[in-house]
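Participant: this one's structure only:
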């Protein structure tokens with residue numbers, strides 16, 4: 001199992017302490033260098049971004065849902081693959097915020113607010129915003145902005161400044177501190193020069209077109225956002241996206257002109273595979289379990305917009321429900337579905353998710369049945385039906401769906417997590433062992449505390465108390481409680497029934513975590529499990 005306790009930069013703790021003390025003295029941040037080409041290594045940039053995301057997870061500022069996480073990363077990496085730096089590190093996540101905004105951070109971390117996803121009208125529009133943020137990273141705009149702001153607080157330190165210091169407060173205050181720090185970050189990071197914004201547009205539109213999306217979508221979306229400027233309200237009433245990404249008519253016109261050029265070029269591209277099956281087999285390596293490789297290439301027969309098979313439309317409604325008040329949204333869907341123009345597959349799916357979230361599984365089943373009849377192979381709809389069955393007390397029907405889905409997609413995290421939770425409810429040792437086996441392959445590449453927590457519960461019921469204790473410690477760390485994680489590991493190390501490998505594994509995790517805790521204690525940085533920043537010897 002992966003050791004999720006990286007040796008974080010000690011700069012993290014010292015930066016946080018500086019922020020906490022900022023009310024009494026000037027901010028003192030380390031000099032990260034003056035050359036934009038040698039400011040920070042790719043590994044260090046990833047550490048900054050990862051720590052920011054970890055603290056956002058801990059403060060419940062991210063929308064942590066395996067299905068949505070899978071969707072936004074699939075969309076993001078489809079764009080990255082078509083960018084000019086496809087091998088760089090990227091990670092995409094959804095922010096639990098109804099403001100219309102998106103941002104990029106060092107290390108290739110790109111966050112998209114729930115509010116932005118909710119107001120997009122097509123997947124191409126959503127992809128256009130993400131492609132723009134990718135453009136800021138691939139064109140090194142973050143480093144340029146850092147270089148330009150060296151008279152002020154360094155940009156890359158501000159990333160950690162807002163993230164770690166937020167852990168020193170609790171509840172709404174913590175969220176306020178982090179979002180305030182994020183606001184500083186966004187001003188430094190996204191408030192680029194007009195030239196940078198236009199360059200990110202142009203590069204993003206190229207990436208958008210190369211990925212098979214509508215190159216006009218970016219201009220369409222920013223044009224709709226620019227229309228809000230005409231309502232005559234104050235600057236504070238503007239969407240956050242417009243405050244961090246100023247939009248002008250010239251910029252929109254330039255984007256549309258660029259899209260026209262790309263559309264003309266794309267007309268010459270073949271719409272279907274250019275090789276038949278026999279020719280393909282001679283020119284490409286065989287693909288396991290695929291009899292006809294030409295079926296892997298899209299033929300353009302996409303699901304109609306807003307149908308039950310439009311994954312984007314389904315995910316948009318899922319974001320709306322999971323980021324909002326499920327009870328109020330259930331009433332909203334129920335009322336509006338009486339209108340013919342509102343009665344779409346996506347909206348009925350959103351209604352079903354809201355019903356499941358409010359423990360009305362039987363009603364959700366009624367909403368999902370006709371959708372599944374039209375799209376029986378939809379993983380999204382089948383997972384929703386399994387959830388509805390579980391909520392309605394029909395665990396046998398739910399298990400049948402999970403079993404079939406897992407057989408087809410054994411590495412699908414959303415399927416594995418749902419299946420494991422359903423198995424854990426069964427209560428038997430055998431089902432717990434099966435649940436643990438499902439999740440174990442997911443641990444190596446996960447920083448989701450829910451996966452570790454579910455795995456811990458499963459291994460505990462399966463009788464593997466050592467693996468369970470390790471997983472609980474990992475979950476505590478990923479949830480922003482590093483001192484609690486250390487205490488759990490130390491207690492575990494005192495057991496006299498550990499074998500050599502178990503003891504070595506636990507000692508390695510303690511060694512990884514110790515430098516960070518020493519620095520946090522030295523700087524008196526408060527965390528959820530050490531609120532005064534002094535205790536925890």
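Facilitator: Alright, I've got the coordinates. Bear in mind that the values here come from a model prediction, so they are computed numbers and not experimental data.
Participant: tell me which element residue 436 falls in.
Facilitator: Residue 436 belongs to helix 429-439 when assigned by DSSP states H and E.
Participant: for the stretch 51-200 of the chain, just list every one of the strands.
Facilitator: In order along the chain, the stretch 51-200 of the chain carries the following strands (DSSP state E, counting those that start in this stretch): 91-95, 102-105, 109-113.
Participant: going by mean pLDDT, which of these comes out lowest?
Facilitator: Mean pLDDT is lowest for strand 102-105 among the strands of the stretch 51-200 of the chain, at a mean of 85.
Participant: so which of the strands of the stretch 51-200 of the chain gets nearest residue 496?
Facilitator: strand 91-95 (40.8 Å; Cβ to Cβ). For glycine as for every other residue, the C-beta is placed from the backbone atoms N, C-alpha and C.
Participant: quick check: angle from the closest one to strand 109-113?
Facilitator: 30 degrees (axes from the mean of the first three to the mean of the last three Cα atoms, to 10 degrees).
Participant: buried ones in the helix holding residue 436?
Facilitator: 431-436, 438-439 (16 or more other Cβ atoms under 10 Å).
Participant: want to throw these into TSV with distance to residue 102 and pLDDT?
Facilitator: Output for those, formatted as TSV (distance: Cβ to Cβ, whole Å; pLDDT from 0 to 100):
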residue	distance to residue 102	pLDDT
431	41	95
432	40	96
433	42	96
434	39	96
435	36	96
436	37	96
438	33	95
439	31	95
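Participant: list the contacts of the helix holding residue 436.
Facilitator: 406, 416-417, 419-421, 423-424, 426, 451, 454-455, 458-464, 467 (Cβ atoms under 8 Å, 6 or more residues apart in numbering).
Participant: tell me the SS of residue 376?
Facilitator: coil (DSSP: H, G, I helix; E, B strand; the rest coil).
Participant: which helix or which strand is home to residue 371?
Facilitator: Judged by DSSP H and E, residue 371 forms part of helix 361-374.
Participant: what sits up against that helix?
Facilitator: Contacts of helix 361-374 (Cβ under 8 Å, 6+ apart): 307-309, 345, 348-349, 351-353, 355-356, 378, 381-382, 384-385, 387-393.
Participant: of those, buried ones?
Facilitator: For the contacts of helix 361-374, buried by 16+ other Cβ under 10 Å: 307-309, 345, 348-349, 351-353, 355-356, 378, 381-382, 384-385, 387-392.
Participant: following element in sequence after the helix holding residue 436, please.
Facilitator: Scanning forward in sequence from helix 429-439 by DSSP H and E, the next helix or strand is helix 449-461.
Participant: show the subsequent helix or strand relative to that following helix.
Facilitator: Once the chain leaves helix 449-461, the next helix or strand it forms, by DSSP H and E, is helix 465-478.
Participant: show me what that following helix is packed against.
Facilitator: helix 42-58, helix 449-461, helix 482-493, helix 500-522 (3 or more Cβ pairs under 8 Å, 6 or more residues apart in numbering; DSSP states H and E).
Participant: residue 524 in helix, strand or coil?
Facilitator: coil.
Participant: if I look at it, how far off is residue 530?
Facilitator: Distance, residue 524 to residue 530, using Cβ to Cβ, to the nearest Å: 9 Å.
Participant: more neighbours: which of these two?
Facilitator: residue 530 (21 against 15; other Cβ atoms under 10 Å).
Participant: in the helix holding residue 371, what's buried?
Facilitator: Applying 16+ other Cβ under 10 Å to helix 361-374 flags 361, 363-365, 367-368, 371-372 as buried.
Participant: cool, stretch 439-458 as well?
Facilitator: Those would be 439-440, 442-443, 446-458, for stretch 439-458 by 16+ other Cβ under 10 Å.
Participant: low-scoring stretches of the stretch 51-200 of the chain, by residue?
Facilitator: 141, 143-194 (pLDDT under 70).
Participant: follow-up on the earlier one: for the helices and strands packed on helix 465-478, which has the smallest mean pLDDT value?
Facilitator: Mean pLDDT is lowest for helix 42-58 out of those, coming in at a mean of 77.
Participant: okay, the angle between that one and strand 91-95?
Facilitator: Here helix 42-58 runs at an angle of 20 degrees relative to strand 91-95 (the same axes, to 10 degrees).
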